[in-house]
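# Provide a 3D model corresponding to the input given below.
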Amino acid sequence: MKILVCISNVPDTTSKINFTDGDTKFDTNGVQFVINPNDEFGLTRAMWFKEKQGATVHIATVGGPSAEPTMRKALAIGADEAFRINDEPTDGFYVAQQLAEVVKNGGYDLVIGGRESIDYNGGMVPGILASLSNMNFINSCINLEIDGDHVTAIREIDGGKEKLSTTLPLVVGGQKGLVEESDLRIPNMRGIMMARKKTLSVLEPVDGINATEDKKFDKPAAKGQVKLADNVDQLIDLLHNEAKVI
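Residues are numbered from 1 along each chain as shown. Reported below is the predicted structural model:
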């Protein structure tokens, strides 16, 4: 089985976020970038398939040279080969088009991406990629088992879970549950040294369409001061007359 894991290079959630050029561009100064958490769950699941079923695992991302440390970390975790499409991931449809070219040329049986990235939270890339690649698709996947070409999966739905059966080739939009946080892997020294020898190919982007454009970023409004109620009557009065929630 040949697996492609789609990786997003995203700001660490503890980073302080700022914008420049009149709040039209994200300021990367001083920001630590990491593997998108939903993608990391998918990468870990792919490693299980590698270890238990002998799968080959490749990774791909759309991004500039600054994304390569994140890709090297994924290689150190155990991926076999990496592809960086040399362009900025400014639009979900455009990113899916670039990844679809990698899928077309790679002959992959399984493509795993995160349900959404934690920077733009668009949640569109895996579904568009599946459509462009003419592959089956399961989103919000929290369990994945593969036996030959047969796939059994569980996905999260509103109010519950849904068990599905399908066949390869398949695109999965994964999330926590595909593996647990305790299953995530920290690269060891041997893995880091081996990652330096693994192939990281830089591909030029194909012609694609940027279907959206970011006009301006706004930070959430600052939280107001907290008021403490001395008794239940005062709490009810504040909720009714100031918060207006009752």
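# going forward, measure contacts and count neighbours with C-alpha atoms only.
Fine.
# residue ranges in this protein under the pLDDT threshold?
Within the chain, no range satisfies pLDDT under 70.
# longest helix of it?
helix 37-53 (DSSP state H).
# can you name the element that comes right after it?
Remark: after helix 37-53, the chain's next helix or strand is strand 56-62, criterion DSSP states H and E.
# show me what that next one is packed up against.
On a contact count with 3 or more Cα pairs under 8 Å, 6 or more residues apart in numbering; DSSP states H and E, strand 56-62 meets strand 2-6, helix 37-53, strand 81-85, helix 92-106.
# quick one: distance of the longest helix of the chain to the chain centre.
Put simply, helix 37-53 sits 13 Å off its chain's centre (Cα atoms, centre = their mean, to the nearest Å).
# how about it: buried residues?
Residues of helix 37-53 classed as buried by neighbour count (16 or more other Cα atoms under 10 Å): 37-47, 49-50.
# would CSV of the residues you listed with distance to residue 70 be doable?
Shown next, in CSV, are the buried residues of helix 37-53 (distance: Cα to Cα, whole Å):
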residue, distance to residue 70
37, 12
38, 14
39, 12
40, 11
41, 15
42, 15
43, 13
44, 15
45, 18
46, 17
47, 17
49, 21
50, 20
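# beta partners for residue 174?
The partner list for residue 174 in beta bridges (DSSP bridges) reads residue 114, residue 141.
# OK, contacts around it?
Contacts for residue 174 (Cα atoms under 8 Å, 6 or more residues apart in numbering) come out as 38-39, 41-42, 112-115, 139-142.
# which stretches of the protein form helices?
Counting by DSSP H, the helices of the chain are 37-53, 68-77, 92-106, 125-133, 189-195, 232-241.
# can you redo those helices as CSV, where the extra columns are distance to residue 226?
Conversion of the helices of the chain to CSV gives the following (distance: least, Cα to Cα, whole Å):
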stretch, distance to residue 226
helix 37-53, 32
helix 68-77, 40
helix 92-106, 39
helix 125-133, 40
helix 189-195, 47
helix 232-241, 11
